[in-house]
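Trainee: sequence? don't have it. structure:
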């Protein structure tokens, strides 16, 4: 899948190996061959997005779990939104949390969607197809380091 600027990168922030494999399988089944970079918590995700692990892609979306060690998804989003270079990143939360506070906190941090993993179940392929259509229709922000940063 490409956006209007080129190949769209997917950053998967997920600590559970089983969930990560399920997401990758669904992407493959849906014919989505975009680069997927997986990290296991918010600390690793911030390091990746701040260039500590090489060049940061200009166009990407984040698939984010909430319940992770070291830095959970809510903490990660708070840090990301406070960073002028990264605050426009597009995030979809994919979580097991049904807690209304988590949902409110996520939307307060401007997520593109809050998806319960339990609602997806066997329909995960449909979800991936929906996300694929979304990425084709919207203009995603380009994320680039700030001048002088």
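Mentor: Sure, I can see it. Quick caveat: nothing in here was measured; it's all calculated off a predicted structure. Residues are numbered from 1 along each chain as shown.

Trainee: where are the low-confidence patches of the chain?
Mentor: 1-6, 119-125, 144-149 (pLDDT under 70).

Trainee: residue ranges for the helices of it, please.
Mentor: 17-29, 42-49, 73-81, 100-108, 117-120, 124-137 (DSSP state H).

Trainee: residue 105 versus residue 86, what's the distance?
Mentor: With distances taken as CB to CB, to the nearest Å, residue 86 is found 18 Å from residue 105. Yep, even glycine has a C-beta here, placed from its N, CA and C like the rest.

Trainee: for residue 118, same thing?
Mentor: 19 Å.

Trainee: report the beta-bridge partners for the most centrally placed residue in the chain.
Mentor: The centroid of the chain falls nearest to residue 62 when counting by CA atoms, centre = their mean (1.5 Å). Taking DSSP bridges as the rule, residue 62 bridges to residue 11, residue 91.

Trainee: give me every residue that touches it.
Mentor: By CB atoms under 8 Å, 6 or more residues apart in numbering, the residues touching residue 62 are 11-13, 45, 89-92.

Trainee: just those now: which is nearest residue 109?
Mentor: Using CB to CB, residue 91 comes nearest to residue 109 of those, at 7.7 Å.

Trainee: the more surrounded of residue 118 and residue 105?
Mentor: Between residue 118 and residue 105, counted using other CB atoms under 10 Å, residue 105 has the larger neighbour count: 20 against 9.

Trainee: ok, and the closest non-adjacent residue to the more buried one?
Mentor: Nearest residue to residue 105, sequence neighbours excluded (CB to CB, 6 or more residues apart in numbering): residue 74, at 4.9 Å.

Trainee: I'd guessed that neighbour sits against residue 103; true?
Mentor: No - taking contacts as CB atoms under 8 Å, residue 74 lies outside contact range of residue 103: 10.5 Å.

Trainee: higher neighbour count, these two?
Mentor: residue 74 (20 against 17).

Trainee: against residue 19, how distant is the more buried one?
Mentor: Going from residue 74 to residue 19 by CB to CB gives 18 Å.

Trainee: swap in residue 31?
Mentor: Distance of residue 31 to residue 19, given as CB to CB: 21 Å.

Trainee: which one's more surrounded, these two?
Mentor: Neighbours were counted for residue 31 and for residue 19 using other CB under 10 Å; residue 19 has more, 17 against 10.
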